[in-house]
Structures are given as C-alpha cells and as structure tokens.
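A.B. asks: Just the structure for this:
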Amino acid sequence: MALTSTLDILRFAIEREEDAIRAYGDLAQGAVDPVVRALLLELQAEEKDHKRLLQNIVDGKAEALDIPDVEDLKLSDYLIEEPFDPAGGFQDLLIHAAKKEALAAELYARLRDATSDPELRRLLAFLIQQEKAHKLKLEQEYEKQILQED
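C.D. replies: Model prediction:
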C-alpha cells in the first residue's frame with residue numbers, strides 16, 4: 001500500500017488499530033490472572049477509542065488535532081522482552097505492551113520522516129504522540145506495580 005495521502009495514512013493507521021484491538025483481545029482471552037486480563041481489556045478499549053477517533057477524521061467529523069507533548073520514561077527501552085505468554089505475569093505483559101506501543105510510534109515516525117506534506121506530517125505527529133501516550137501509561141504502571149515491589 002502506497003501511503004501518499006492523508007486518507008492512505010488514516011486507513012493504514014486504522015488497520016494497525018484493528019490489529020492491536022484483536023491482539024489485546026486474544027491475549028485477554030488467554031490471560032489467567034484477573035489483573036492481567038483487566039489491563040489487556042483496558043488497552044483494547046483504548047485502541048478502540050483510538051480507531052474511533054481516526055475513523056471520525058476519515059468521516060470528516062473530527063475537530064483539529066491536538067498534539068500534546070508526551071513524556072517518555074524510557075523504562076521499557078532498557079528492559080528485555082521475553083516471549084510473551086498471556087498466562088504469564090503482569091510484569092511481562094507490561095514490558096510486551098510497552099514495546100509494541102514503542103514500535104508503533106517508531107513506524108509512524110518513519111512514515112512522517114518520509115513525507116514533506118505538512119498535513120501528513122501533522123497527522124503522523126499526532127499518531128506518534130498517541131502511541132507514546134499508551135507507552136507512557138504502561139511504563140507508569142510498571143513503575144507503580146513492579147519497581148515499588150523491589
């Protein structure tokens with residue numbers, strides 16, 4: 001798929017959100033720990049909201065994009081990700097999910113850097129910040145739940 005227009009980028013982003021919705025749903029179904037399951041379902045709901053926002057932009061229903069500056073704790077940047085098992089622990093889930101969000105932000109950053117169209121660059125900057133916000137939430141949860149235990 002050639003991503004040369006705003007609509008192409010939006011459709012691509014919606015597909016990525018749908019992938020994330022399915023992935024978090026599948027992981028939630030396999031999760032044994034109720035805390036892990038609840039977090040996965042919360043992440044799935046956030047991805048659904050993100051998809052709805054993007055679809056509203058496609059449908060011309062969205063207002064101007066607010067692009068907040070999102071802090072990066074970089075916690076997950078230094079953590080080693082083991083193969084993820086939804087029946088596994090909360091710590092592994094947080095690391096896995098944070099790394100997925102970081103990869104999504106990196107993908108959008110590469111797309112942004114590949115275009116000179118100001119409208120596309122603004123849309124991609126918004127998407128980057130959305131993914132970074134998800135990563136931040138996961139890292140804050142890691143800091144609160146895992147680092148406090150040590």
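
A.B. asks: for F84, helix, strand, or coil?
C.D. replies: Using DSSP: H, G, I helix; E, B strand; the rest coil, the secondary structure recorded for F84 is coil.

A.B. asks: Phi and psi next, for it.
C.D. replies: Main-chain dihedrals, F84, degrees, to the nearest 10: phi -80, psi 140.

A.B. asks: so it sits right up against A98, yeah?
C.D. replies: No: using CB atoms under 8 Å, F84 is not in contact with A98; the gap is 11.6 Å. C-beta coordinates here come from the backbone N, C-alpha and C atoms, glycine included.

A.B. asks: mean confidence for stretch 10-28?
C.D. replies: Stretch 10-28 carries an average pLDDT of 90.

A.B. asks: buried set for that stretch?
C.D. replies: When burial is assessed from 16 or more other CB atoms under 10 Å, stretch 10-28 yields the following buried residues: 10-14, 16-17, 20-21, 23-24, 27-28.

A.B. asks: Alpha carbons of that stretch, as PDB, please.
C.D. replies: C-alpha atoms of stretch 10-28 as PDB (Å, rounded to 0.1, in the frame of the first residue of the first chain):
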ATOM      1  CA  LEU A  10      -5.600   7.200   8.100                       C
ATOM      2  CA  ARG A  11      -6.600   3.800   6.600                       C
ATOM      3  CA  PHE A  12      -3.200   2.300   7.400                       C
ATOM      4  CA  ALA A  13      -3.500   3.600  11.000                       C
ATOM      5  CA  ILE A  14      -7.000   2.200  11.400                       C
ATOM      6  CA  GLU A  15      -5.700  -1.200  10.200                       C
ATOM      7  CA  ARG A  16      -2.900  -1.000  12.800                       C
ATOM      8  CA  GLU A  17      -5.500  -0.100  15.500                       C
ATOM      9  CA  GLU A  18      -7.700  -3.100  14.400                       C
ATOM     10  CA  ASP A  19      -4.600  -5.400  14.700                       C
ATOM     11  CA  ALA A  20      -4.000  -4.000  18.200                       C
ATOM     12  CA  ILE A  21      -7.600  -4.500  19.200                       C
ATOM     13  CA  ARG A  22      -7.500  -8.100  18.100                       C
ATOM     14  CA  ALA A  23      -4.100  -8.800  19.700                       C
ATOM     15  CA  TYR A  24      -5.200  -7.400  23.100                       C
ATOM     16  CA  GLY A  25      -8.500  -9.300  22.900                       C
ATOM     17  CA  ASP A  26      -6.700 -12.500  22.100                       C
ATOM     18  CA  LEU A  27      -4.300 -12.000  24.900                       C
ATOM     19  CA  ALA A  28      -7.100 -11.200  27.300                       C
END
